[in-house]
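Participant: can you look at this prediction? I've put the sequence above it.
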Amino acid sequence: MKILVTGGAGYIGSIVTAQLIEEGHTVVVYDNLSRGHKKAVHPEAVFIKGDLSDREKIEQTLRDHKIEAVMHFAAFIEAGESMVKPEVYFRNNTANALTLLEAMTAQKINYFVFSSTAAVYGNPDSIPITEDSKLLPTNAYGASKLLVENMMKWFDQIHKLKYAALRYFNACGATPTLGEDHQPESHLIPLAIAAAVGKRDKLQLYGTDYPTKDGTCVRDYIHVSDLATAHVLALKKITSSKNKESKIYNLGSEKGFTNQEVIKAVGRVLGKAVPVIEASRRMGDPAILVASSEKIRKELGWIPKYTKLEDIISSAWEWRKKHLNGYK
């Protein structure tokens, strides 16, 4: 297929692009490089620098390259920042997604894979979280993504859009050539690695009084390659099944780790202690987020290859050793 990957210069989008090209698809990457990296774009992908607020340019891209499906990763992802600048998140994550959906509808493109988040659930009533759990986000980031999911449902009902929304925490790890380089970085594993090797003074640990076994937040960790595979499988599902229907899937390891456990695991993998300074909670951070992936395992046969936290951390460290300053 001819596929547009928005945010294809970013962490997850670049690795999805690589998998799509490996499977023989033609990929066009659309990214404004505000938080992505040109060096992360696959050399066989067509790269177009553009903003998702530019409806005319999106439509021209879809038309000129005869795009058949869109995979959407272009979003801001920092929950803490979203509680300081919610307007930025609703503009970039929600309004720009609407512009993209409008452009797709105008060009009669009906297949859409959306990178959503488990943040749409907020503080869940039970763990692990299933797709039927209540949707009550506790931060503007999760709310901005949930609004997109709601829009997709109406586009399905009215414009026959077929979509797959994948909800997950936390993408981590790296491939031999592609890794995590956010500016600024907000994810625990790369921050802990940076602190351990002296690239930052100390790791800030946000909150040690949560109702968990050691007082720190519990999160699900999935290797980015496994996440990418799930997105590719989801695309196949909505485009090839006889009875085409939209899908929502959680992606989780079904096993959560506290922040303290992750920090200690980084120390073991690197053989260096991670210097930590305790800080107060961030607004909107749920105590525990661990997702069930039973549905996607059963329906799509998704089987994560990386099941051990140390292996995920090792892959991140191997990439970082070769890219101490990221993609710069």
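Facilitator: Cool, got the structure. Numbers count the residues shown, from 1 in each chain.
Participant: can you get me a residue count around residue 93?
Facilitator: Applying other Cβ atoms under 10 Å, we find 23 other residues in the vicinity of residue 93. Every residue, glycine included, has its C-beta placed from N, CA and C.
Participant: which residues sit in contact with it?
Facilitator: If you count contacts by Cβ atoms under 8 Å, 6 or more residues apart in numbering, residue 93 has them with 75-76, 141, 144-145, 148.
Participant: hmm, try it at 6 Å
Facilitator: When contacts are counted by Cβ atoms under 6 Å, 6 or more residues apart in numbering, residue 93 is found next to 75, 144.
Participant: residue 32 too?
Facilitator: Applying Cβ under 6 Å, 6+ apart, we find residue 32 in contact with residue 51.
Participant: redo that, cut-off 8 Å
Facilitator: If a contact means Cβ under 8 Å, 6+ apart, then residue 32 has 49-52, 74 as its contacts.
Participant: could you chop the chain up by domain?
Facilitator: As given by automatic domain parsing, the domain ranges for the chain are 2-172+222-251, 188-219+254-322.
Participant: in the stretch 201-328 of the chain, which spans are strands?
Facilitator: Shown for the stretch 201-328 of the chain, the strands assigned by DSSP state E, counting those that start in this stretch span residues 203-206, 218-220, 222-223, 247-251, 256-258, 276-279, 288-289.
Participant: reduced to three states, what does residue 12 come out as?
Facilitator: The three-state assignment at residue 12 reads helix, by DSSP: H, G, I helix; E, B strand; the rest coil.
Participant: that one touches residue 222, doesn't it?
Facilitator: No: because the distance of 10.5 Å does not satisfy Cβ atoms under 8 Å, residue 12 is recorded as not touching residue 222.
Participant: overlap in contacts, these two.
Facilitator: Jointly contacting residue 12 and residue 222 under the rule Cβ under 8 Å, 6+ apart are residue 171.
Participant: tell me what the residue lying closest to residue 67 once chain neighbours are set aside is bridged to.
Facilitator: When the adjacent residues along the chain are set aside, residue 67 lies closest to residue 4, with 4.6 Å between them (Cβ to Cβ, 6 or more residues apart in numbering). The bridge-partner assignment for residue 4, based on DSSP bridges, gives residue 28, residue 70.
Participant: and residue 162, which of the strands of the stretch 201-328 of the chain is closest to it?
Facilitator: Taking Cβ to Cβ as the criterion, residue 162 comes closest to strand 247-251 out of the strands of the stretch 201-328 of the chain, the separation being 8.6 Å.
Participant: what mean pLDDT does the closest one get?
Facilitator: Here the mean pLDDT over strand 247-251 is 97, rounded to a whole number.
Participant: what does that strand contact?
Facilitator: Taking Cβ under 8 Å, 6+ apart as the criterion, the residues outside strand 247-251 that touch it are 116, 118, 129-131, 149, 163-168, 222, 226-227, 230, 234, 237-238, 291-293, 295-296, 299-300, 302.
Participant: buried ones among those residues?
Facilitator: Among the contacts of strand 247-251, those that count as buried by neighbour count (16 or more other Cβ atoms under 10 Å) are 116, 118, 129-131, 149, 163-168, 222, 226-227, 230, 234, 237-238, 291-293, 295-296, 300, 302.
Participant: quick one on the thing from earlier: dump the strands of the stretch 201-328 of the chain to a markdown table, plus distance to residue 93.
Facilitator: As requested, those are exported to a markdown table (distance: least, Cβ to Cβ, whole Å):
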| stretch | distance to residue 93 |
| --- | --- |
| strand 203-206 | 22 |
| strand 218-220 | 20 |
| strand 222-223 | 21 |
| strand 247-251 | 17 |
| strand 256-258 | 25 |
| strand 276-279 | 26 |
| strand 288-289 | 19 |
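Participant: before we move on, back to that, so which of the contacts of strand 247-251 are in helices?
Facilitator: Counting by DSSP state H, the members of the contacts of strand 247-251 that fall within helices are 149, 226-227, 230, 234, 237-238, 295-296, 299-300.
Participant: I'd like the distance between the spatially closest residue to residue 149 that is not a sequence neighbour and residue 112.
Facilitator: Across the structure, with Cβ to Cβ, 6+ apart as the measure, the residue nearest residue 149 apart from its sequence neighbours is residue 165 (5.3 Å). Computed as Cβ to Cβ, to the nearest Å, the residue 165 to residue 112 distance reads 9 Å.
Participant: what of residue 176?
Facilitator: Following Cβ to Cβ, the distance that separates residue 176 from residue 112 is 30 Å.
Participant: more neighbours: which of the two?
Facilitator: Each of residue 176 and residue 112 has its neighbours counted (other Cβ under 10 Å); residue 112 has more, 25 against 9.
Participant: does residue 173 touch residue 253 like I think?
Facilitator: No: proximity of residue 173 to residue 253 does not meet the contact threshold set by Cβ under 8 Å, at 11.9 Å.
Participant: next, count neighbours for residue 96.
Facilitator: The number of residues packed near residue 96 is 23, by other Cβ under 10 Å.
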